[in-house]
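J.: sequence first, predicted model second:
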Amino acid sequence: MKPLKIYVCEDEDISLGINKVVLEKILQKKNITADITCCHNYNQQDDSFFADVELAILDIDLEGSTINGIQLAKKILERNPCTVFIFITSHEEFAHEATQIHLSGFLDKPLNQYDFEDALNRAIIQINGYRLKNINRNMATFQKGKFCLKERSIISVEKLPHTHEVIVRTTENKIQAYDSIKDTEKRLSSDFVKLNGSVIVNLAYVFHIEGNLVIMRGGFKYNITMRNQEKVKKAYENYITRKLV
C-alpha cells in the first residue's frame, strides 16, 4: 500500500501533539506508512496541496483561522472529492452538518484512542475503495464530461481570448471545448499547475523554468504572473521530487 496522505489541522498545540502521537502509534500497529502534515490553521497556500490529501483529521473550531473545520473540509473536497474526514471536536452542534461530508468519525475531545482507531479503520476501508476505483483512471474531463482525456496526454490548457472556451493541447492534437480555466484547474491532479489566468500546464512536459517563463518540451513558452512564480516553482520542485522517490 502506498503511503497515506494525511492532513491534520488542530489549533491547540497540546491536542495537535496528542493526535499526531496517537495517529502514528495506530498506523505503526497496522504496519501502514503515511505522509502526515500537521498545522494549526488554514492557510491559502495549502490549496494546491489538498489535491493529494486522502485523509483529513480536523478540529472544527479553528481559532485564529479564517474558516472553521467544516468549511475547510469543503475546500479540500473542491481539490479532491475522494478525501475522507475525521473530526475531533467538542462542538457536537456541528455533527449533523459534518455527516454531509465523507465522514469516518466525529470524535469528542479529549481524544479516546479506541474510538480513534475505529474511525481510522473505517477511513482506510473508504480510501482503499477510492484507490481501487481510480486505478489507471487518471482522466480529465471537459465540457461537462463531453470530452475525456488521459491526463498524461495533456500538455497544456489555454483559455481562448474573448470566449468561454479553452484549447486543450495534447500529444496528438488540439481540442476546443466550452470550459473555463478555473473549473478545469479544480478537476486536474497536482501534476498540473496554473501559470496565469489563462494557462494551465502539465508539469511532466515542463523542460525548464526561467524567470517568468515556462519552457515546455516541444518549444512552447508560457508566461508566469508575478504572484504565481513562487507557487509554480514549488509545484515543479515537488513534482520532480515525487518522480525521483
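T.: Ah, there it is. All of these numbers come straight from a predicted model, not from anything done at the bench.
J.: by mean pLDDT, flag the weakest helix or strand of this protein.
T.: Within the chain, judged by mean pLDDT, DSSP states H and E, the helix or strand with the poorest mean is helix 95-98; its value is a mean of 50.
J.: and Glu10, what pLDDT?
T.: As summarised for this prediction, Glu10 has a pLDDT of 90.
J.: should've said Asp35
T.: With respect to pLDDT, Asp35 has a value of 92.
J.: the lengthiest helix in the chain: what's the following helix or strand?
T.: As far as residue count goes, and with DSSP state H defining each element, the longest helix of the chain is helix 113-134. Along the chain past helix 113-134, the next helix or strand (assigned with DSSP states H and E) turns out to be strand 139-142.
J.: how about that following strand, which residues are buried there?
T.: Neighbour-count burial for strand 139-142, with 16 or more other C-beta atoms under 10 Å as criterion, is recorded at Ala140, Phe142. Quick note: C-beta positions are derived from backbone N, CA and C, even for glycine.
J.: off-centre distance for the following helix or strand past that strand?
T.: Next along the chain after strand 139-142, taking DSSP H and E as the criterion, comes strand 147-150. Distance of strand 147-150 from the chain centroid (C-alpha atoms, centre = their mean, to the nearest Å) equals 20 Å.
J.: quick one: mean pLDDT for strand 147-150?
T.: So the average pLDDT for strand 147-150 ends up being 84.
J.: what strands line up against it, and which way round?
T.: Taking DSSP bridges as the criterion, strand 147-150 pairs within the sheet with strand 139-142 (antiparallel).
J.: just how off-centre is the partner strand within its chain?
T.: Mean C-alpha position of strand 139-142 versus that of the full chain (C-alpha atoms, centre = their mean) differs by 16 Å.
J.: alpha carbons of it, as CSV, please.
T.: Coordinates of the C-alpha atoms in strand 139-142 are reproduced here as CSV (Å, rounded to 0.1, in the frame of the first residue of the first chain):
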residue,chain,number,x,y,z
MET,A,139,-8.6,11.0,-16.6
ALA,A,140,-9.6,14.6,-17.2
THR,A,141,-13.0,15.7,-18.4
PHE,A,142,-14.0,18.8,-20.3
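J.: just the mean pLDDT for it, thanks.
T.: Computed over strand 139-142, the mean pLDDT rounds to 86.
J.: then stretch 79-90?
T.: When pLDDT is averaged over stretch 79-90, the result is 83.
J.: just the CA atoms of it, as PDB, please.
T.: Output for stretch 79-90, consisting of C-alpha atoms alone and laid out as PDB, is shown next (Å, rounded to 0.1, in the frame of the first residue of the first chain):
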ATOM      1  CA  ARG A  79      -9.500  19.900  -4.800                       C
ATOM      2  CA  ASN A  80     -10.000  16.100  -4.100                       C
ATOM      3  CA  PRO A  81     -13.600  14.800  -4.000                       C
ATOM      4  CA  CYS A  82     -12.300  11.500  -2.600                       C
ATOM      5  CA  THR A  83     -10.800  12.800   0.600                       C
ATOM      6  CA  VAL A  84     -12.100  11.100   3.800                       C
ATOM      7  CA  PHE A  85     -12.600  13.100   7.000                       C
ATOM      8  CA  ILE A  86     -12.400  12.500  10.800                       C
ATOM      9  CA  PHE A  87     -13.500  15.400  13.000                       C
ATOM     10  CA  ILE A  88     -12.200  15.700  16.600                       C
ATOM     11  CA  THR A  89     -14.100  18.400  18.400                       C
ATOM     12  CA  SER A  90     -16.100  19.400  21.500                       C
END
